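Peer 1: My questions concern the predicted model and sequence given below.
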Amino acid sequence: MAARPGAMASGVAIIGALRASSPWFWPGVAGGTALVLWSCSRVLPAGTLCLAVGRRAGIATLMWVCAFFLTLDYLVAPSAHDVLDMTPTQIGWALTAGGIGWSVVALVCGAHPAREPKAYRRRTTLAAAFFVLASSSAPRL
């Protein structure tokens, strides 16, 4: 049982430790991802990683959305520093705001799931509108 969290932590550490310019980066990413997926397959309910119908598919979808969010979050600091010339304080606030916003949305949607198609479409439209608003107000390079 203890090997599962260790495998997951090792996989994440391998991915994070390698420089993107290293020839070992992509093999390390493949190996680290394999460790993470193996440990997830042992911890999550049976059928989750193969998108079994119902709640398991929801868990898998949430897992991939979180992985995508955290991957992008990993790229925010270097991009904000190198491209936008932000200070460490500004980068900290940007990361904090994104994390808090993500958490609040997750809590609200988890407490009040969109059970009807109309409610789901309304939420999706609002999310798209906020995305467009944030994208249009971002500084132009």
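Peer 2: Okay, I see it. Everything quoted here is computed from the prediction, not taken from an experiment.
Peer 1: C-terminal to the helix or strand of the chain with the lowest mean pLDDT, what's the next element?
Peer 2: Ranked by mean pLDDT, DSSP states H and E, the weakest helix or strand in the chain is helix 55-82, scoring a mean of 75. Downstream of helix 55-82, the first helix or strand assigned by DSSP states H and E is helix 88-111.
Peer 1: thinking again about what came up before, packing partners for the least confident helix or strand of the chain?
Peer 2: helix 88-111 (3 or more CB pairs under 8 Å, 6 or more residues apart in numbering; DSSP states H and E). For every residue, glycine as well, the C-beta is placed using N, CA and C.
Peer 1: what helices or strands is the helix it packs on leaning on?
Peer 2: helix 55-82.
Peer 1: angle of the helix it packs on against helix 88-111?
Peer 2: 170 degrees (axes from the mean of the first three to the mean of the last three CA atoms, to 10 degrees).
Peer 1: Next, count neighbours for Ala129.
Peer 2: Ala129: 10 surrounding residues under other CB atoms under 10 Å.
Peer 1: for Pro117, that is, sorry about that
Peer 2: 8.
Peer 1: quick one: it from Gly99, how far?
Peer 2: Relative to Gly99, Pro117 is positioned 30 Å away (CB to CB, to the nearest Å).
Peer 1: next one: Tyr74
Peer 2: 12 Å.
Peer 1: One more: Ala129?
Peer 2: Ala129 is 22 Å from Gly99, by CB to CB.
Peer 1: how about the nearest residue to the most centrally placed residue in the chain, chain neighbours excluded?
Peer 2: Centrality entry for the chain: nearest residue to the mean C-alpha point is Phe69, 2.5 Å, by CA atoms, centre = their mean. Once flanking residues are discounted, Phe69 sits nearest to Trp102: 6.4 Å by CB to CB, 6 or more residues apart in numbering.
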